[in-house]
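Peer 1: Quick one, structure for this:
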Amino acid sequence: TGPYCPGATIQLNSTGGGTYSWSGPGGFTSTLQNPTIGSATTAMGGVYTVTVTVSGCTATATTNVVVNPLPTPTATNTGPYCVGAAISLSSSGGGTYSWSGPAGFTSSNQNPVIAGATTAMGGAYTVTVTLNGCTATATTNVVVNPLPVPTATNTGPYCAGTAISLSSSGGGTYSWSGPGGFASTSQNPTIGSATTAMSGVYTVTVTLNGCTATATTSVTVNPTPTVTATNTGPYCPSTTIQLNATGGGTYSWSGPAGFTSTSQNPTIGSSTTAMSGAYTVTVTLNGCTATATTNVVVNPLPVPTATNTGPYCAGTTISLSSSGGGTYSWSGPGGFTSTSQNPTIGSATTAMSGAYTVTVTLNGCTATATTNVVVNPLPVPTATNTRSEEHTS
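Peer 2: Residues are numbered from 1 along each chain as shown. Reported below is the predicted structural model:
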């Protein structure tokens, strides 16, 4: 009933007589009319002869038994795979092929391809190979690794000059790229001394079990504000100090004598010399700060003196004296003016009597002093005599 495959049962059949005697390969003998031989091997292939005896007469017949060898199949795959990849199965060893595997997979291709791998497709794939009616199987184990689930974050926004801190998770190895040719294999790299050119999208490629996925984080580096601080001084006591600043969104001033202000351009009335010194403004823009300083000078008022050497007599020279400043300006009765520190006025008259005021200027600050001049009139003397008369006779 062949041909047979190894392991099958060989069935021999004969007719024609009363007694039967079989012989065949491997020393096979049997007196059965229709003997069987279990667990066939390829060595059992060949010619089997039966001798039939009837009434003392014999005759023979032969049958050729074919035992085909089992095919020797192979089954391989090109994995492990990542989710989304194409599974490539390979086999050899036969004439026809029949594959089966996880998730109900079947195929009659020798080397089937399964697109869009999922983790559910991982497992044992079996191919049944048929050659000359004989079958054998081989199995290959397919591994489909899940994609990593990466994260990418940063602690920004940042200010120019600070350190950018990038963080990631989700894999075994990490590869960062970003603006300005930035690259790093650290999981959580830092970039010192940030500049605005470092703003942009940073991408991390995470690899786990040979599978990769990416995540991105957007980094913002704000410029530090460009701050100026000025004042309109120098000042004299009791005037108003005017501070000015530029460069930001919010302002915070500090200065001598506990001065503080959140105005951009604050004023300080009734200045004193104690208000002299450095005033610092801190400007904040987009969370970034910078400072600038301006030096305020409040000069003290001069302390002038004004004196004269009178009282004077009409016709003499009035001598005025002053001290305490850098420049002097006198004014007085009769439209008198002078820029001398110590002016003199010749040929005094009584009309020149009165208050003389000197305005003293030192470092832009002025003060006055007054001296009272007295010009006494000359006395108006009289001289008389009494004439005596002589009598003649």
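
Peer 1: ok, residue 317 - contacts?
Peer 2: Residue 317 sits next to 344, 345, 346, 347, 348 when contact means C-beta atoms under 8 Å, 6 or more residues apart in numbering. (Each C-beta comes from the backbone N, C-alpha and C, glycine too.)

Peer 1: Residue 101 now?
Peer 2: The contact partners of residue 101, taken as C-beta under 8 Å, 6+ apart, are 121, 123, 124, 125, 126, 142.

Peer 1: so what's the fifth one scoring on pLDDT?
Peer 2: The one in question is residue 126. pLDDT for residue 126: 98.

Peer 1: okay, now it: neighbour count?
Peer 2: 15 (other C-beta atoms under 10 Å).

Peer 1: Ok, the fourth one next?
Peer 2: Here the count is done by other C-beta under 10 Å, and residue 125 has 25 residues near it.

Peer 1: just checking, it touches residue 76?
Peer 2: No: shown here, residue 125 and residue 76 do not form a contact pair, counting by C-beta atoms under 8 Å, at 9.8 Å.

Peer 1: any shared contact partners between these two?
Peer 2: Residues touching both residue 125 and residue 76 (C-beta under 8 Å, 6+ apart): 89, 140.

Peer 1: Between the contacts of residue 101, which sits nearest residue 237?
Peer 2: residue 121 (90.1 Å; C-beta to C-beta).

Peer 1: one step back: now flag whichever of the contacts of residue 101 is closest to residue 236.
Peer 2: Of the contacts of residue 101, the one sitting nearest to residue 236 (C-beta to C-beta) turns out to be residue 121, at 90.2 Å.

Peer 1: Ramachandran angles for the closest one?
Peer 2: Backbone geometry at residue 121, expressed as degrees, to the nearest 10, gives phi -90, psi 0.

Peer 1: residues touching it, list them.
Peer 2: 87, 101, 102, 103, 105, 114, 142, 144 are the contacts of residue 121 under C-beta under 8 Å, 6+ apart.

Peer 1: Put the buried members of those into a PyMOL selection.
Peer 2: Remark: buried members of the contacts of residue 121, expressed as a PyMOL selection using 16 or more other C-beta atoms under 10 Å:
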select buried, resi 87+101+105+114+142+144
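
Peer 1: Where is pLDDT lowest across the contacts of residue 121?
Peer 2: For the contacts of residue 121, the pLDDT minimum is residue 103, 93.

Peer 1: Can I take it that that residue is in a helix?
Peer 2: Yes: counting by DSSP: H, G, I helix; E, B strand; the rest coil, residue 103 is part of a helix.

Peer 1: Can you list phi and psi of the closest residue to it other than its chain neighbours for me?
Peer 2: The spatial neighbour of residue 103 that comes closest, neighbours along the chain excluded (C-beta to C-beta, 6 or more residues apart in numbering), is residue 120 at 5.4 Å. With angles defined as degrees, to the nearest 10, residue 120 sits at phi -70, psi -20.

Peer 1: so where's the stretch 151-300 of the chain uncertain?
Peer 2: Within the stretch 151-300 of the chain, no stretch has pLDDT under 70.

Peer 1: Could you turn the buried ones of the contacts of residue 317 into a PyMOL selection?
Peer 2: Per 16+ other C-beta under 10 Å, the buried members of these correspond to this PyMOL selection:
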select buried, resi 345+348
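
Peer 1: Adding pLDDT and distance to residue 39, write the contacts of residue 317 out as a markdown table.
Peer 2: As requested, those are arranged in a markdown table below (pLDDT from 0 to 100; distance: C-beta to C-beta, whole Å):
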| residue | pLDDT | distance to residue 39 |
| --- | --- | --- |
| 344 | 98 | 154 |
| 345 | 97 | 155 |
| 346 | 96 | 159 |
| 347 | 97 | 162 |
| 348 | 97 | 160 |
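
Peer 1: Among the contacts of residue 317, which are located in strands?
Peer 2: If you go by DSSP state E, the contacts of residue 317 have 344, 345 in strands.

Peer 1: For stretch 328-337, C-alpha coordinates in CSV please.
Peer 2: Taking Å, rounded to 0.1, in the frame of the first residue of the first chain, the C-alpha atoms of stretch 328-337 are listed here in CSV:
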residue,chain,number,x,y,z
TYR,A,328,30.0,135.2,44.6
SER,A,329,27.3,137.6,43.5
TRP,A,330,26.6,140.8,45.5
SER,A,331,23.6,143.1,45.4
GLY,A,332,22.7,146.2,47.4
PRO,A,333,21.3,149.7,47.5
GLY,A,334,21.3,151.9,44.5
GLY,A,335,21.5,149.0,42.1
PHE,A,336,24.9,147.8,43.3
THR,A,337,26.1,144.5,42.0
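
Peer 1: What are the contacting residues of that stretch?
Peer 2: For stretch 328-337, contacts defined as C-beta under 8 Å, 6+ apart pick out 320, 322, 338-341, 343, 345, 351-361, 373.

Peer 1: Residue 283 contacts residue 262, correct?
Peer 2: No: Residue 283 is beyond contact range of residue 262, at 11.3 Å (criterion: C-beta under 8 Å).

Peer 1: neighbour count winner among the two?
Peer 2: residue 283 (24 against 9).

Peer 1: residues touching that one, list them.
Peer 2: Contacts of residue 283 (C-beta under 8 Å, 6+ apart): 225, 227, 245, 247, 248, 249, 250, 251, 289, 290, 291, 292.

Peer 1: Correct me if wrong, but it is in a strand.
Peer 2: Yes: using three-state DSSP, the secondary structure at residue 283 is a strand.

Peer 1: Tell me the bridge partners for it.
Peer 2: When bridges are called by DSSP bridges, residue 283 pairs up with residue 251, residue 290.
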